[in-house]
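J.: Any chance you can model this:
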Amino acid sequence: MSGRITAIVGAGPAGIAAAIQLKRSGFIPRLLDSRGMDGCGLIRNGFKVENYPGLVAPVSGAVLMKRFLHQLLQLELNICKDTIVEIKKEKSNSFVLHGKSNDYKAETVIIASGTTPRKLPLDSVSGLTRRIHYNLKELVPELQGSFASTKTGFSDSRQRAEESSGQSKEIVVVGGGEAAQDYSLSLTKAGFRVKLLIRGTRLKGNLHLKNAVISNQNIELCFERSIKSVVRCGNSLEITTSSKNQLEIWKSDNMVVAIGRQVEQYFGLSPELFANGQIITPLSGLFQIGDFRLGSLGQVGMAVGDGLRVASLIAHY
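T.: As a prediction, this is how the structure comes out:
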C-alpha cells in the first residue's frame, strides 16, 4: 500500500509519531488538527517531561512540542488546520472525512484526537468561561506574558506577576491527579501562588511529582474539599468550598480545573467500534491510538509507541 493516503485525526504525540513513521515507509500521511501547527495535544501544558527515553535532561512540554514540530517540517510534513466533524466509509472502501473547511479522502484513517477535559458539574459556571480554564494554554492571555517561551518553556521569574499586582497572585487549581499537580507547578513557575483543591485525602500519581508538589512552598494543599458554587464577584471569582460540612469562600481571578478527561467525539461513527480498546477497530481500515484509545493516561511515551505500532500495522494492512 505504499504511496496511499492515510488520514490522521489529531496532531498530538501519537498522531505525529504515526505520520513520521508512515512517511518513512512510503505512505502519504495527512495530519488533521483543529489547531493546526499549534496542535501537539496535552503535551503543550506539561511542566516537565522527564520519563521520555532519550532526553538528556528534563524539558517542558512546550520545548518537546517544538522538537516534534521541527521533525515534521524536516520531513516536509504539515498539519492541516481543520475540525473533522464526520468520518464515513464509502462503498469503494475508502474513507471521506468531512471537516468544517474541507473534505478529505483516504484509504485508511487513524483517530488520534485524544480526550477532552471533564467540566465542573455546576450549572452556575456556564457564564464564566473566561475565568474557568481547563488547560494552561487557555490561560496564557490572562497571565499577561508570564508564560513567555524560554529555554525551559516558561518564564523563570516571578517578577512579572508580582509587578502587575504588587504581590504574587493566587489562583485556585481543582483536582488531585497528575494533571492538576503538573499545572500547579507550572503556575508557580510563572509566579503564582496556588491553592490546590483536592476532593480526596491524598494526591494521586507518581511519587516524584507528588514530592515536587508537596515541597513547593507556593502550593497550598487543601484536602477533602468540594466546590459548592462559583460566581463572579467584580473582576474575580467567588468560590464556595466545603470541608467536613464547613463552608469557606475563596476569591481568585481565575480557576484551573483538572478533574479528569473523557472521549466525547466519535465523528459520527458508532462508539462500539472503539469499545474493545484495540488499535485495530472492527471497521476495516480504521484505527485508534493514543489517549483516544487508552483513556486519560497522558503519557507521551505510550502515545508515541501507539503511533509507531499503528504505522507498522498499516504497512502490512
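J.: Return the backbone torsion pair for the residue positioned nearest the centre of the chain.
T.: A centroid search over the chain (CA atoms, centre = their mean) returns residue 42, at 2.1 Å, as the residue closest to the centre. The phi/psi pair for residue 42 (degrees, to the nearest 10) reads phi -70, psi -20.
J.: The one 4 residues further on now?
T.: Phi and psi for residue 46, reported as degrees, to the nearest 10, are phi -70, psi 130.
J.: separation between it and residue 209?
T.: 11 Å (CB to CB, to the nearest Å). Where you see a C-beta, it was placed from the backbone N, CA and C, and this is true even at glycine.
J.: which one of these two has more residues nearby?
T.: Per other CB atoms under 10 Å, whichever of residue 46 and residue 209 has more neighbours is residue 46, with 26 against 19.
J.: Contact partners for the closest residue to the more buried one other than its chain neighbours?
T.: Nearest non-adjacent residue to residue 46, counting by CB to CB, 6 or more residues apart in numbering: residue 61, 2.5 Å away. For residue 61, the contacting residues are 42-47, 49, 153, by CB atoms under 8 Å, 6 or more residues apart in numbering.
J.: out of those residues, which one sits closest to residue 21?
T.: Within the contacts of residue 61, the smallest distance to residue 21 is 18.1 Å, found for residue 43 (CB to CB).
J.: Make sure I have this right: that closest one is in a helix.
T.: Yes - with DSSP: H, G, I helix; E, B strand; the rest coil as the criterion, residue 43 is part of a helix.
J.: Stretch 228-236: which residues count as buried?
T.: residue 230 (16 or more other CB atoms under 10 Å).
J.: where in the stretch 101-250 of the chain is pLDDT low?
T.: 123-127, 138-168 (pLDDT under 70).
J.: Run through the helices of it in chain order.
T.: Assigned by DSSP state H, counting those that start in this stretch, the stretch 101-250 of the chain shows helices spanning 136-139, 159-165, 178-189, 207-214.
J.: List the buried residues in the longest helix along the chain.
T.: Criterion DSSP state H: the longest helix present in the chain is helix 300-315. For helix 300-315, the neighbour count (16+ other CB under 10 Å) marks 300, 302-307, 309-311, 314 as buried.
J.: Report the two of those separated the most.
T.: Every pair of these checked by CB to CB; the farthest is 300 and 314, at 21.4 Å.
J.: wait, is residue 292 part of a helix?
T.: Yes - using three-state DSSP, the assignment for residue 292 is a helix.
J.: a markdown table please, covering the helices of the stretch 101-250 of the chain and showing distance to residue 22.
T.: Shown next, in a markdown table, are these (distance: least, CB to CB, whole Å):
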| stretch | distance to residue 22 |
| --- | --- |
| helix 136-139 | 27 |
| helix 159-165 | 42 |
| helix 178-189 | 29 |
| helix 207-214 | 33 |
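J.: Indicate which one of these is closest to residue 114.
T.: Between the helices of the stretch 101-250 of the chain, helix 178-189 lies closest to residue 114; by CB to CB that is 12.6 Å.
J.: elements contacting that closest one?
T.: helix 136-139, strand 170-174, strand 193-197, helix 207-214, strand 219-222, strand 255-257 (3 or more CB pairs under 8 Å, 6 or more residues apart in numbering; DSSP states H and E).
J.: Export these to a markdown table and append columns for distance to residue 33.
T.: Below are the helices and strands packed on helix 178-189 laid out as a markdown table (distance: least, CB to CB, whole Å):
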| stretch | distance to residue 33 |
| --- | --- |
| helix 136-139 | 14 |
| strand 170-174 | 27 |
| strand 193-197 | 30 |
| helix 207-214 | 28 |
| strand 219-222 | 32 |
| strand 255-257 | 23 |
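J.: ok, now which ones touch the nearest residue to residue 273 once chain neighbours are set aside?
T.: Excluding its sequence neighbours, the residue lying closest to residue 273 (CB to CB, 6+ apart) is residue 281, at 4.8 Å. Neighbouring residues of residue 281 by CB under 8 Å, 6+ apart: 273-274, 287-288.
J.: Looking at those residues, spot the one nearest residue 35.
T.: Using CB to CB, the contacts of residue 281 come closest to residue 35 at residue 288, 20.0 Å.
J.: distance of that closest one from residue 108?
T.: Residue 288 is 12 Å from residue 108, by CB to CB.
J.: quick revisit: now for the helices of the stretch 101-250 of the chain, which one comes closest to residue 223?
T.: Judged by CB to CB, the one of the helices of the stretch 101-250 of the chain that comes nearest to residue 223 is helix 207-214, at 11.7 Å.
J.: what helices or strands is that closest one leaning on?
T.: Packing partners of helix 207-214 (3+ CB pairs under 8 Å, 6+ apart): helix 178-189, strand 219-222.
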